[in-house]
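J.: quick one: sequence plus predicted model below, questions after.
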Amino acid sequence: MDAALKNFKKFTPKSLPKVENLAQGHRACQGCGEVLALRMALKAMGKNMIVASATGCMEIITSPYPQTAWEVPWIHVAFENAAAVASGIEAGRKALMRKGRIPKQRTTIVAMAGDGGTADIGLQALSGALERGHDFVYICLDNEAYMNTGVQRSSSTPYGAMTTTSPPGKLSMGQNTWKKNMPAIAAAHAIPYLATASPAYYTDLMNKAKKAALIKGPAYLHVYSPCPTGWRLAPELAVDISRLAVQTNVFPLYEVVDGQYILTKKIKKRKPVEDYLKLQGRFRHLDKKMIQEIQERIDRDYEALVQKAALSEVKGESAETEE
């Protein structure tokens, strides 16, 4: 385990940092869970950071020229190359420090993108940056479609979901492929730290963001980011749906530390996936048979994750259990 994590001190509800790297007054949609998750992650990582942000919802809502919601150095880059730019920043700073041009100090380099800019058109740049071992944090804000450009499906769109490019009809049930497992792809690069996180479990999210910033080498955070607009969800339910995603095992919370899987939130009494699906208009066309098919797949995937965690047997780490 990285030395930075051995004496890691967790945030508690009473010890949350007051720093704000994202100012008030951004232009997110009402009830946006993505900007909520982003704000939490940034608070946890402190002020000493540089952010490379791919085109997407968070870029649009935080940087309407000539205004900005960013309180830290921030670079808007193309849809596909946030990880490449972040790795260039990290390498460039190393060269400048070696030449005595800037003080020798560690700065958190953050790359951020949505699921489209991560799982689809940004995957090549991300894979290269992880494989080369750059010291940076990559945050995927997963709202499960290309929301900024009109709710088109991505490879992160869940099975059965309705989007403008996967509409249900007589010959279609909506999205007909299963959601790409991006955390597993990142973990396959043997990086030192990876975690999934949800804004409904804010201390868990912030502690994972802090760990990602402290650890040396590449770290990957996959953050559940509800989009009421694209999901046809009541705006006031963004946090509730985030919690339900965890309670139904649709979006389990875990870490992978040096290849060891750790469940960080165990659900003792799993809720049926139908409870999660019925609140979202994007799933309203699904029949009982489709819902059962989704339930069975989620159960299989979660059991496989539990088995990985059991095999890892990481001492000194235990998950919180939720009824």
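T.: Yep, it's here.
J.: show me where the stretch 151-300 of the chain has its strands.
T.: Here the stretch 151-300 of the chain has its strands, by DSSP state E, counting those that start in this stretch, at 168-169, 172-173, 193-197, 219-224, 254-257, 260-263, 265-267.
J.: other SSEs contacting the one helix or strand Glu131 maps to?
T.: Using DSSP states H and E, the element containing Glu131 is helix 123-132. Judged by 3 or more CB pairs under 8 Å, 6 or more residues apart in numbering; DSSP states H and E, helix 123-132 is in contact with helix 82-98, strand 137-142, helix 182-187. Quick note: C-beta positions are derived from backbone N, CA and C, even for glycine.
J.: and the residue nearest the centre of the chain, what does it touch?
T.: What sits nearest the mean C-alpha location of the chain, by CA atoms, centre = their mean, is Val223, with 2.0 Å. Contact analysis of Val223 by CB atoms under 8 Å, 6 or more residues apart in numbering lists 37-38, 41, 139-142, 196-199, 205.
J.: would you turn those residues into TSV with distance to Gln67 and neighbour count?
T.: Formatted as TSV, those follow (distance: CB to CB, whole Å; neighbours: other CB atoms under 10 Å):
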residue	distance to Gln67	neighbour count
Ala37	22	29
Leu38	17	27
Ala41	22	26
Ile139	23	29
Cys140	26	27
Leu141	21	26
Asp142	27	27
Thr196	32	26
Ala197	28	30
Ser198	29	24
Pro199	24	24
Leu205	27	27
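J.: which one of these is nearest Arg284?
T.: Nearest to Arg284 among the contacts of Val223 is Asp142, at 21.4 Å by CB to CB.
J.: look up how far Gln260 lies from that closest one.
T.: 23 Å (CB to CB, to the nearest Å).
J.: what are the bridge partners for Gln152, then?
T.: Counting by DSSP bridges, Gln152 is bridged to Tyr146.
J.: isn't it up against Thr163?
T.: Yes: the pair Gln152 and Thr163 passes the contact test of CB atoms under 8 Å, sitting 5.9 Å apart.
J.: overlap in contacts of those two?
T.: Looking at what touches both Gln152 and Thr163 (by CB under 8 Å, 6+ apart), the common residues are Ala145.
J.: between the two, which one's more packed in?
T.: Neighbours of Gln152 and Thr163, each counted by other CB atoms under 10 Å, are more numerous for Thr163; the result is 22 against 16.
J.: could you find the closest non-adjacent residue to that one?
T.: Arg153 (4.3 Å; CB to CB, 6 or more residues apart in numbering).
J.: what does Asn81 give?
T.: Nearest to Asn81 is Ala125, by CB to CB, 6+ apart, at 4.9 Å.
J.: and if you look at Ile109?
T.: Nearest to Ile109 is Phe136, by CB to CB, 6+ apart, at 4.0 Å.
J.: please report phi then psi for the one you found.
T.: Main-chain dihedrals, Phe136, degrees, to the nearest 10: phi -160, psi 170.
J.: contacts only, for the residue nearest to Ala23 when sequence neighbours are not counted.
T.: Nearest residue to Ala23, sequence neighbours excluded (CB to CB, 6+ apart): Ala69, at 4.6 Å. Applying CB under 8 Å, 6+ apart to Ala69 gives the contacts 22-26, 61-63.
J.: scan the chain for its longest helix.
T.: In the chain, with assignment by DSSP state H, the single longest helix is helix 288-312.
J.: picking up where we left off before, and the residue nearest to the centre of the chain, how far is that from Gly25?
T.: Val223 is 22 Å from Gly25, by CB to CB.
J.: do you know how far the residue nearest to Asn81 is from Phe136?
T.: In terms of CB to CB, Ala125 sits 12 Å off from Phe136.
J.: show me whatever sits in contact with both of those two.
T.: Joint contacts of Ala125 and Phe136 (CB under 8 Å, 6+ apart) are Ala83.
J.: more neighbours: the two, which one.
T.: Using other CB under 10 Å, the more surrounded residue of Ala125 and Phe136 is Phe136, with 28 against 25.
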